[in-house]
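**Student:** sequence unknown, structure follows:
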């Protein structure tokens, strides 16, 4: 049996001394796709931001294990070098920095960056094709004047270029029309192969129709209240969260 590529062990997260994630345990094997679903304010985005090392989210207990290595005490950039990636819900604009230079710099900072830089242009063109992006995109400034769909395409483009071991996506489907959703999902499926552990945060079933997760985890009040296979997402789509809410204390407001 394969060993987990990504392990979240009893993770607790505080925001300004308020606990918003309360002891999460998840194991993801290579090639598995896990989705976290739940109502607003349940702690989903707080979890992935904390896992990536966002300074506003304090991990007070637990461990983050990537490919057998404990990365809990590492800085965000060091976690990225160990193979972690977070596709952000609200990507920031970086005026004056082109997409091509941004991605090339990120690739060069990777442990095997010198080798990857040699194939960077070829890889970039291939990823543009997968994501149906015009090559002129490379000369635009990062997220500066981008539409919502373009921002999310760039997040998935970064993931494809960096080839992480662990890919976390925070509500990548938000703000996408159906055409953009299909293209972004195609990119996720292309770049998250049998060597990648994928953890997605989403509100809706619609993206899961294209990405096809192997595991679903339902978040409420900072905890996983139910886990299951793809059929659980369909049940949530039909019933909503109220049928689970009755057994869960009043939720903590979280990002």
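**Tutor:** Received, thanks. Remember, predicted model here, so these are calculated numbers, not experimental data. Residues are numbered from 1 along each chain as shown.

**Student:** would you mind measuring from residue 13 to residue 163?
**Tutor:** Residue 13 sits 27 Å away from residue 163, taking Cβ to Cβ, to the nearest Å as the criterion. (Each C-beta comes from the backbone N, C-alpha and C, glycine too.)

**Student:** ok, those two, which is more surrounded?
**Tutor:** Each of residue 13 and residue 163 has its neighbours counted (other Cβ atoms under 10 Å); residue 13 has more, 26 against 18.

**Student:** so how far is residue 177 from that one?
**Tutor:** 33 Å.

**Student:** can you list the weak-confidence ranges in the chain?
**Tutor:** The model of the chain has pLDDT under 70 over residues 1, 246-255.

**Student:** which parts of it are helices?
**Tutor:** 44-52, 76-81, 99-108, 113-118, 120-130, 148-162, 178-191, 208-211, 230-239, 242-245 (DSSP state H).

**Student:** buried deepest among those helices, which one?
**Tutor:** With neighbours defined as mean count of other Cβ atoms under 10 Å, these peak in mean count at helix 44-52, which reaches a mean of 25.

**Student:** and that helix, what does it pack against?
**Tutor:** Counting contacts by 3 or more Cβ pairs under 8 Å, 6 or more residues apart in numbering; DSSP states H and E, helix 44-52 packs against strand 6-15, strand 18-28, strand 33-37, strand 58-66, strand 84-87, strand 166-170, strand 197-201.

**Student:** how about these, which one is nearest residue 124?
**Tutor:** Ranking those by their distance to residue 124 (criterion: Cβ to Cβ) puts strand 84-87 first, at 16.8 Å.

**Student:** and the closest one, which strands flank it?
**Tutor:** Partners of strand 84-87 in the sheet, by DSSP bridges, are strand 166-170 (parallel).

**Student:** now render the helices of the chain as JSON lines, adding distance to residue 31.
**Tutor:** Shown next, in JSON lines, are these (distance: least, Cβ to Cβ, whole Å):
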{"stretch": "helix 44-52", "distance to residue 31": "19"}
{"stretch": "helix 76-81", "distance to residue 31": "21"}
{"stretch": "helix 99-108", "distance to residue 31": "23"}
{"stretch": "helix 113-118", "distance to residue 31": "22"}
{"stretch": "helix 120-130", "distance to residue 31": "19"}
{"stretch": "helix 148-162", "distance to residue 31": "15"}
{"stretch": "helix 178-191", "distance to residue 31": "12"}
{"stretch": "helix 208-211", "distance to residue 31": "13"}
{"stretch": "helix 230-239", "distance to residue 31": "15"}
{"stretch": "helix 242-245", "distance to residue 31": "28"}
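
**Student:** for residue 199, which of those is the nearest?
**Tutor:** Going by Cβ to Cβ, the one of the helices of the chain nearest residue 199 is helix 44-52, 6.9 Å.

**Student:** list of residues touching that closest one?
**Tutor:** 8, 11, 13, 15, 20-21, 24, 36-38, 56-59, 64, 76, 79, 84, 86, 89, 168, 170-171, 199, 201, 219, 222, 254-255 (Cβ atoms under 8 Å, 6 or more residues apart in numbering).

**Student:** and the angle from it to strand 33-37?
**Tutor:** Helix 44-52 runs at 130 degrees relative to strand 33-37, counting by axes from the mean of the first three to the mean of the last three Cα atoms, to 10 degrees.

**Student:** and the angle from helix 44-52 to strand 58-66?
**Tutor:** Going by the same axes, to 10 degrees, helix 44-52 makes 70 degrees with strand 58-66.

**Student:** against residue 36, how distant is residue 223?
**Tutor:** From residue 223 to residue 36 the distance is 12 Å (Cβ to Cβ).

**Student:** between those two, which is the more surrounded one?
**Tutor:** Taking neighbours as other Cβ under 10 Å, residue 223 and residue 36 compare with residue 36 leading, 26 against 18.
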